[in-house]
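Enquirer: below is the sequence, then the predicted model.
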Amino acid sequence: MGLNINIRKVGKQDFDFVYQSICELENEILDFEVFRKIFNENISNPKNLYLLAENENEGVGLISFHTQNLLHHCGLVGEIQEFFIDQNHRGKGIGRQLINEIMQYADQNNLKSIEVTTNKRRVENVLIYENLGFGLTHNKFTIYK
């Protein structure tokens, strides 16, 4: 049976799927209550776009996109913060559909650029992002506190 993917904005009712997906993405159990607070704050922020991909009302993927005006770009820039496709649904074009929705949003809102960062341990993601049209143009440095 083929997939019938529907992409829609994430709502509060999607919390469990988002929580489980991000825990799987990060390979750890995140603080449930802290996560819930940030989730509610982020999905209600008009500068953020959270999208869910579902097949027959079952979540199979998600993407979160945060925008901000940056001085050095003289305009609005968006960054993909989380991008997850369920393991059983990878390689079926769902990620590309989610990225296309982000691209449409960026066009409609006159964004200067779309950025994405991937952890160095996810080596396979570099090729995936390049295939989606992203260029490897920056280095990101982090201090954890």
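Expert: Structure's in. What do you need? Numbers count the residues shown, from 1 in each chain.
Enquirer: secondary structure class for Ile102?
Expert: helix (DSSP: H, G, I helix; E, B strand; the rest coil).
Enquirer: wait, isn't it in contact with Phe83?
Expert: No. Counting by C-beta atoms under 8 Å, Ile102 stays clear of Phe83, with 9.3 Å between them. The way it works is simple: take the backbone N, C-alpha and C, and place the C-beta from them, glycine included.
Enquirer: from the chain's centroid, how far away is stretch 41-57?
Expert: Offset of stretch 41-57 from its chain centre (C-alpha atoms, centre = their mean, to the nearest Å): 9 Å.
Enquirer: could you give me the buried positions within it?
Expert: Buried residues in stretch 41-57, counted by 16 or more other C-beta atoms under 10 Å: Asn42, Ile43, Asn48, Leu49, Tyr50, Leu51, Leu52, Ala53, Glu54, Asn55.
Enquirer: got it, and stretch 112-130?
Expert: Buried, per 16+ other C-beta under 10 Å, within stretch 112-130: Ile114, Glu115, Val116, Thr118, Asn125, Ile128, Tyr129.
Enquirer: same question for stretch 93-111.
Expert: The neighbour-count check on stretch 93-111 (16+ other C-beta under 10 Å) flags Ile94, Gly95, Gln97, Leu98, Ile99, Glu101, Ile102, Tyr105, Ala106, Leu111 as buried.
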